[in-house]
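> here is my input; please provide its structure:
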Amino acid sequence: MTSLLQFAAILGWAGCAAGLVWYTLNAARQITYATLADGRRQRRVIPLVFRLLLPLSPNVEPFFAKPAFAAARATLGAKLTAAGYEGVITPTEFLSIKLLVPVVFGSAWFVLLRLVIRIFPEIASNAPQLALGGVLLFYLYPLLWLKSVLAARHRAIQRALPFVLDLLTLAVEAGLDFMTALQRNCERRALDPLNEELIYVIREIQLGAPRRVALRNLSTRVGLNDLRSVTYALIQADELGVSIGAILRIQSDQMRQRRFERAERLANEAPVKMLGPLMLFIFPAVFIILLGPTLTQVRGQLF
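Sure thing, here's the model as predicted:
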C-alpha cells in the first residue's frame, strides 16, 4: 500500500512538472504586438516572467483599479506609452505583475533555497539575507525592465533625431510643406521608434487636431528632452510665422552638438568606470603572478 501511494505521488509530481514545462513553453512561443497609429502592428517583446503571470493578473486587477491607485496608474501609463507598450500591457496589469512576481517567484525561491541549504548546510547562517535579497530582486525586476526598455527607446530616438531633422530640412527648403515632408519621411524610412511617434502625429493632424497641439502631445507622450526642445521650437515657429526650414536647420545643428557632448562625456567617464574591474581582476592577478612563486617556496620551507 505504501509503495502504491509513493508511486501515485511520483506520478502526480511528474504530471505537475510536465504541465509546468508545457505552460512555460506555450508562454515562450507567444508574440505580442503594438498597433501603430496607421494600423500596422509592431512586435513588442515582453519578458517570459510577465507572460507566465499575465493569466493570473485579472485576479489582482480589481484591487489596483481602486481610486487610491489612480496616481500610480497614471504614472505607469505615461511610462508604458513612452516605452512603446501602450495597448500591450495596461497599468493595472503591470501593477498586478509587480505584486505577483515576488509572491510567486519569491515562494519558488524559498523552496529552492531550502533545498540548497540541505545540500550545503554551511550557508544556513546567510539564509535570511539570501531570502530577502531574492524577494527584493523579484520585486524590483518589473520596474528595472520598464526603465531599461524606456531608456532603449529614448536612445533610439536620440540617434535618429538629427538625421530625420536633416531630411525634413532638405525637403522643406526644396519647396515641400512641413506635413508633406513629414509624410514622405515616414513612408520612405525604416520603421523605428521615432517614425512610430511621427506617424502618430500625422494621424492626429489628419483627424483634425492643430499642428501645435499634435506636436505638444508628441512632447508629452515621449518625455525626451531633445525631442521636447524640437517640438517647442516648431510650435513657436508656427505661432510666430517664422520659417520652419531655418528652425529645423538650427535644431539639427543643436542635436548634433548635444550628441557630440554626450559622446565626450561618456568618453571622460570611461576611465572611472574601468577602475572597478581593474581593481577587482587585474591587480589580484598581478599579485598572484608576482608573489605566487615566493609564497609557494615559503610554504614549502615552513611545512
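> so what's the residue nearest the centre of the chain closest to, chain neighbours aside?
Centroid check for the chain by Cα atoms, centre = their mean gives residue 149 as the closest residue, at 1.7 Å. In space, and not counting its chain neighbours, residue 149 is closest to residue 83: 4.8 Å by Cβ to Cβ, 6 or more residues apart in numbering. C-betas here are computed from N, CA, C, even on glycine.
> list phi and psi for residue 42.
Main-chain torsions, residue 42, degrees, to the nearest 10: phi -120, psi 130.
> pretty sure it contacts residue 193?
No: assessed by Cβ atoms under 8 Å, residue 42 is found out of contact with residue 193, at 9.5 Å.
> can you pull the residues that touch both of the two?
Residues touching both residue 42 and residue 193 by Cβ atoms under 8 Å, 6 or more residues apart in numbering: residue 84.
> burial measure for residue 109, as a count.
Taking other Cβ atoms under 10 Å as the criterion, the count of residues near residue 109 is 18.
> quick check: it touching residue 136?
No: in this structure residue 109 lies outside contact range of residue 136 using Cβ under 8 Å: 10.7 Å.
> lowest mean pLDDT among the helices and strands, pick that one out for the chain.
helix 283-302 (a mean of 65; mean pLDDT, DSSP states H and E).
> can you pull the contacts of the closest residue to residue 116 other than its chain neighbours?
The shortest distance from residue 116 to any non-neighbouring residue, by Cβ to Cβ, 6+ apart, is to residue 123 (7.0 Å). Neighbouring residues of residue 123 by Cβ under 8 Å, 6+ apart: 116-117, 130.
> so which of the residues you listed are in helices?
116-117, 130 (DSSP state H).
> residue 268 and residue 261, how far apart?
11 Å (Cβ to Cβ, to the nearest Å).
> give me the number of residues near residue 91?
Residues near residue 91, counting by other Cβ under 10 Å: 22.
> give me the buried subset of the ones in helices among the contacts of residue 123.
117, 130 (16 or more other Cβ atoms under 10 Å).
> sorry, back to before: show me what contacts the residue nearest to the centre of the chain?
83-85.
> between those residues, which is nearest residue 66?
residue 85 (22.9 Å; Cβ to Cβ).
> helix, strand, or coil at that closest one?
The three-state assignment at residue 85 reads coil, by DSSP: H, G, I helix; E, B strand; the rest coil.
> roughly how far apart are the residue nearest to it when sequence neighbours are not counted and residue 79?
Spatial nearest neighbour of residue 85, chain neighbours left out: residue 44 (5.8 Å); criterion: Cβ to Cβ, 6+ apart. According to Cβ to Cβ, residue 44 and residue 79 sit 14 Å apart.
> which residue packs closest to residue 158, ignoring adjacent ones?
Residue 158 sits nearest to residue 226 (Cβ to Cβ, 6+ apart), 5.7 Å away.
> tell me the confidence at the one you found?
If you check residue 226, the pLDDT there is 85.
> which helix or strand contains it?
Per DSSP states H and E: residue 226 is located in helix 225-240.
> could you export that helix as PDB, CA atoms only?
Extracted as PDB, the C-alpha positions of helix 225-240 are listed here (Å, rounded to 0.1, in the frame of the first residue of the first chain):
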ATOM      1  CA  ASN A 225      14.300  66.400 -23.500                       C
ATOM      2  CA  ASP A 226      15.800  66.600 -27.000                       C
ATOM      3  CA  LEU A 227      12.500  65.900 -28.700                       C
ATOM      4  CA  ARG A 228      10.800  68.400 -26.400                       C
ATOM      5  CA  SER A 229      13.100  71.200 -27.400                       C
ATOM      6  CA  VAL A 230      12.500  70.400 -31.100                       C
ATOM      7  CA  THR A 231       8.700  70.400 -30.700                       C
ATOM      8  CA  TYR A 232       8.600  73.600 -28.700                       C
ATOM      9  CA  ALA A 233      10.800  75.300 -31.300                       C
ATOM     10  CA  LEU A 234       8.400  74.200 -34.100                       C
ATOM     11  CA  ILE A 235       5.400  75.300 -32.000                       C
ATOM     12  CA  GLN A 236       6.900  78.700 -31.500                       C
ATOM     13  CA  ALA A 237       7.800  79.000 -35.200                       C
ATOM     14  CA  ASP A 238       4.200  78.100 -36.100                       C
ATOM     15  CA  GLU A 239       2.800  80.700 -33.700                       C
ATOM     16  CA  LEU A 240       5.200  83.500 -34.800                       C
END
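> all set, thanks.
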